[in-house]
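**Student:** Give me a 3D structure for the following:
(chains A and B)
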Amino acid sequence: KQEVTQIPAALSVPEGENLVLNCSFTDSAIYNLQWFRQDPGKGLTSLLLIQSSQREQTSGRLNASLDKSSGRSTLYIAASQPGDSATYLCAVMDGTASKLTFGTGTRLQVTL
Amino acid sequence: DAGITQSPRHKVTETGTPVTLRCHQTENHRYMYWYRQDPGHGLRLIHYSYGVKDTDKGEVSDGYSVSRSKTEDFLLTLESATSSQTSVYFCAISDGGIWTEAFFGQGTRLTVV
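**Tutor:** Residues are numbered from 1 along each chain as shown, chains lettered A, B, ... in the order given. Here you go, the predicted model:
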């Protein structure tokens, strides 16, 4: 059974800092890994998708890396802003029925 | 934004009553999913569908059933609601495959009293 872990569970940083969120998974037989953002009381917004053979993917200030063999992914956020405050979730899609397994998320607060 | 609509958005119901949540998509995606989100547990898969009338169980399927009679609609039914089913329910869609993102609806907050 796939298990996904995210560390830290919560993080508070001052505006302007660069930060790294971590995601690890136990079964490396994945199709892809996706990072999501969730604001309080809202749905999930897809941020980045990394296909299993890729090493990294970038979108604006966000960069996600994937090391499938070690079961790890990181989400790097450059020059953090208060608007980045949210919960960040990683999810891996398995290779059988396209099911996503989620981590429990990292709650990020960016302070002024 | 992907065209996914969940209804209702909020519902309060009594223990023992049946409840049906609806997910409607306009993207013609093959896969549809129902997740529940609870503090400390994250999102857990209840049921999913890989085509019309093709469904399968997820990790927390007890007490839930689903139906998909059309590509665009995926219904989640709680046959007899219990307080442990108080949660936020999310529908998601995907086209399947390695390049496909999953897109989520806005969620349904269900309270069973």
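**Student:** When you work out contacts or count neighbours from here on, use the C-alpha atoms and nothing else.
**Tutor:** Fine.
**Student:** Not counting its neighbours along the chain, what's nearest A:R72?
**Tutor:** Nearest residue to A:R72, sequence neighbours excluded (Cα to Cα, 6 or more residues apart in numbering or on different chains): A:S24, at 4.4 Å.
**Student:** tally of neighbours for A:S70?
**Tutor:** Applying other Cα atoms under 10 Å in any protein chain shown, we find 12 other residues in the vicinity of A:S70.
**Student:** Show the backbone phi and psi for it.
**Tutor:** phi -100, psi 0 (degrees, to the nearest 10).
**Student:** and what of A:K68?
**Tutor:** phi -60, psi -40.
**Student:** tell me which parts of chain B are close to chain A?
**Tutor:** Applying Cα under 8 Å from any Cα of the partner chain, we find that chain B lies next to chain A at B:31, B:40-45, B:50, B:90, B:96-99, B:101-107.
**Student:** how does it look with 7 Å?
**Tutor:** B:40-43, B:96-99, B:101, B:103-107 (Cα under 7 Å from any Cα of the partner chain).
**Student:** Let's see which of these end up in strands.
**Tutor:** Of these, the ones assigned to strands by DSSP state E are B:42-43, B:103-104.
**Student:** quick one: which of those residues is most hemmed in?
**Tutor:** Most surrounded of these: other Cα under 10 Å gives B:F104, at 25 neighbours.
**Student:** From B:W34, how far off is it?
**Tutor:** Look at B:F104 and B:W34: by Cα to Cα, to the nearest Å, they are 10 Å apart.
**Student:** Which parts of chain A are strands?
**Tutor:** Under DSSP E, chain A gives strands at A:4-7, A:10-14, A:19-25, A:30-38, A:44-51, A:56-59, A:62-67, A:72-77, A:86-94, A:100-102, A:106-111.
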